[in-house]
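**Student:** what's the 3D shape of this:
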Amino acid sequence: MRELLRSTDPTIIAFATALLDGEGIEVFDLDVHMSILDGSLGILPRRLMVRDADLFMARSVLRDNGIPTGLD
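**Tutor:** Below is the predicted model of the structure:
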């Protein structure tokens, strides 16, 4: 598994997940429940992970839809 995206914005995470699901790319969302530790302030980023084999295609899908991964 490789990290594809890291963000504190839940709308970006949801949009990216929907785009990748539409392309048939499985996504694993890490750090979903970390808001418990930061008091639900949203300061700890969530991460989207994909299989190594899907990383190139997943980055292309996000880039084509204007979602910067910042991990290139």
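**Student:** count the neighbours of residue 52 for me.
**Tutor:** 8 (other CB atoms under 10 Å). C-beta here means a position set from N, CA and C on the backbone, and glycine is covered the same way.
**Student:** show me what the longest helix along the chain is packed against.
**Tutor:** Criterion DSSP state H: the longest helix present in the chain is helix 10-22. Contacts defined by 3 or more CB pairs under 8 Å, 6 or more residues apart in numbering; DSSP states H and E place helix 10-22 against strand 2-7, strand 46-50, helix 55-64.
**Student:** which other residues reach that helix?
**Tutor:** 4-5, 7, 26-27, 29, 42, 46, 48, 50, 58, 61-62, 65, 67 (CB atoms under 8 Å, 6 or more residues apart in numbering).
**Student:** of the residues you listed, buried ones?
**Tutor:** 4, 5, 7, 27, 46, 48, 50, 58, 61, 62, 67 (16 or more other CB atoms under 10 Å).
**Student:** distance to residue 19 and pLDDT added to those residues, as CSV?
**Tutor:** Output for the buried ones among the contacts of helix 10-22, formatted as CSV (distance: CB to CB, whole Å; pLDDT from 0 to 100):
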residue, distance to residue 19, pLDDT
4, 11, 94
5, 11, 93
7, 14, 89
27, 9, 96
46, 16, 87
48, 11, 93
50, 12, 96
58, 9, 96
61, 6, 96
62, 7, 95
67, 8, 92
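**Student:** what is the nearest of those to residue 33?
**Tutor:** residue 46 (9.7 Å; CB to CB).
**Student:** what are the phi and psi values for residue 30?
**Tutor:** phi -100, psi 160 (degrees, to the nearest 10).
**Student:** ok, back up a step: can I get the helices and strands packed on helix 10-22 in JSON lines with distance to residue 20?
**Tutor:** What follows is those, written out as JSON lines (distance: least, CB to CB, whole Å):
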{"stretch": "strand 2-7", "distance to residue 20": "8"}
{"stretch": "strand 46-50", "distance to residue 20": "7"}
{"stretch": "helix 55-64", "distance to residue 20": "6"}
